[in-house]
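Enquirer: Sequence and computational prediction follow.
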Amino acid sequence: MNGVSKRAIQGLLKKYTVRPSKKLGQNFLIDKKIVKKIVSAANLGSKDTVLEIGPGIGTLTHDLAKKAKKVIAIEKDSKMCEIFKKNLGDLKNVKIIKEDILKISPKSYILYPKSYKVVANLPFYLTAPVIRKFLESKNQPEKMILVVQKEVGQRICAKPPKMSILAVSVQFYAETKIISFVPKVSFWPQPKVDGAIIKIDTRNKEQETRVNKDLFFRIVKAGFVHPRKQLINNLSKALKKNKQEIKDWLLKNQINPNLRAETLTLENWISLTKTYKIK
């Protein structure tokens, strides 16, 4: 795959009489600087294996293959798979698999080595399910470098007082960071919104062993059930506890009962989980 320009990609698709699919959310990167930022953020070494989701025609794959030991590309679109094979078939360290990433069963995880990194220019509608799939996996990636919708990226990487249930859920498993914003003109076809490159790093996260995960998410969901309402009201109603019990519990954890869920830190939620008494 030579060139990341709009003209080069349009020419290649025209050659194979293929058009980008709106249904599959196909928006190709046409900015070489953005491609370089994605690859750089992955911090790839000669021993790394990369799982690329939705490689399309291989715009990103080519640069990943230069740095990594192996690239396993999962592509749902059969037409894109054919173009990919014809244009990147000479790369010995690249393997293309026609599959829907969301339908690969846990038994198929033999596709992934014990240690791997996920890199993807994701169709925006796939962001949440893909992140959930990998973070909840027993074989989590070392890190994920994803191109997502700008607003979603900001929500995932948010800090108090702008936390959301999405931010807490992702940050329970990993450290998050926005690497760069991606203007919509960097894609073809051009989407309606800008994108963002985010890093989700699963290393050095021990929450899963520190608290009851099911209880943690039950409490978090209760706190965010009505984001604009006070914690004491949300928790009391959702957990079916009287307000005095909830107030005492919050104060015990040095949390103002009148605050909103968006102001709490991840550690606040962990502390609440550890001190929650189930009756």
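Expert: Perfect, thanks for sending it. Numbers count the residues shown, from 1 in each chain.
Enquirer: And the strands in the stretch 1-150 of the chain?
Expert: 28-29, 49-53, 70-75, 94-98, 117-121, 143-149 (DSSP state E, counting those that start in this stretch).
Enquirer: export those to a markdown table and tack on distance to S164, mean neighbour count and mean pLDDT?
Expert: All C-beta spots, glycine's among them, are computed from the backbone N, C-alpha and C. Below are the strands of the stretch 1-150 of the chain laid out as a markdown table (distance: least, C-beta to C-beta, whole Å; neighbours: other C-beta atoms under 10 Å; pLDDT from 0 to 100):
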| stretch | distance to S164 | mean neighbour count | mean pLDDT |
| --- | --- | --- | --- |
| strand 28-29 | 27 | 21 | 96 |
| strand 49-53 | 23 | 23 | 95 |
| strand 70-75 | 28 | 24 | 95 |
| strand 94-98 | 33 | 17 | 94 |
| strand 117-121 | 22 | 25 | 97 |
| strand 143-149 | 14 | 25 | 98 |
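Enquirer: mind listing what P227 touches?
Expert: P227 makes contact with 164, 260-262, according to C-beta atoms under 8 Å, 6 or more residues apart in numbering.
Enquirer: of the strands of the stretch 1-150 of the chain, which approaches A8 most closely?
Expert: strand 28-29 (9.9 Å; C-beta to C-beta).
Enquirer: What strands line up against the closest one, and which way round?
Expert: Partner strands for strand 28-29, per DSSP bridges, with pairing direction: strand 187-188 (antiparallel).
Enquirer: Now do the partner strand, average pLDDT.
Expert: In this model, strand 187-188 has an average pLDDT of 97.
Enquirer: mind showing which ranges of the stretch 151-279 of the chain have poor pLDDT?
Expert: The model of the stretch 151-279 of the chain has pLDDT under 70 over residues 204-209, 279.
Enquirer: So which residues of it form strands?
Expert: Along the stretch 151-279 of the chain, counting by DSSP E, counting those that start in this stretch, strands occupy 175-182, 187-188, 195-201.
Enquirer: out of those, nearest to V50?
Expert: Nearest of those (C-beta to C-beta): strand 195-201, 14.1 Å.
Enquirer: hey, C-alpha coordinates of the closest one in CSV?
Expert: Only the C-alpha atoms of strand 195-201 are listed here, as CSV (Å, rounded to 0.1, in the frame of the first residue of the first chain):
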residue,chain,number,x,y,z
GLY,A,195,-11.9,12.0,15.9
ALA,A,196,-9.3,11.4,18.6
ILE,A,197,-6.4,9.0,19.1
ILE,A,198,-6.7,7.5,22.6
LYS,A,199,-4.4,5.1,24.6
ILE,A,200,-5.9,2.6,26.9
ASP,A,201,-3.1,1.0,29.0
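Enquirer: Mind listing the strands it pairs with, and their directions?
Expert: Each strand that pairs with strand 195-201, with its direction, by DSSP bridges: strand 143-149 (antiparallel), strand 175-182 (antiparallel).
Enquirer: can these go into JSON lines with extra columns for distance to I34?
Expert: What follows is those, written out as JSON lines (distance: least, C-beta to C-beta, whole Å):
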{"stretch": "strand 143-149", "distance to I34": "8"}
{"stretch": "strand 175-182", "distance to I34": "6"}
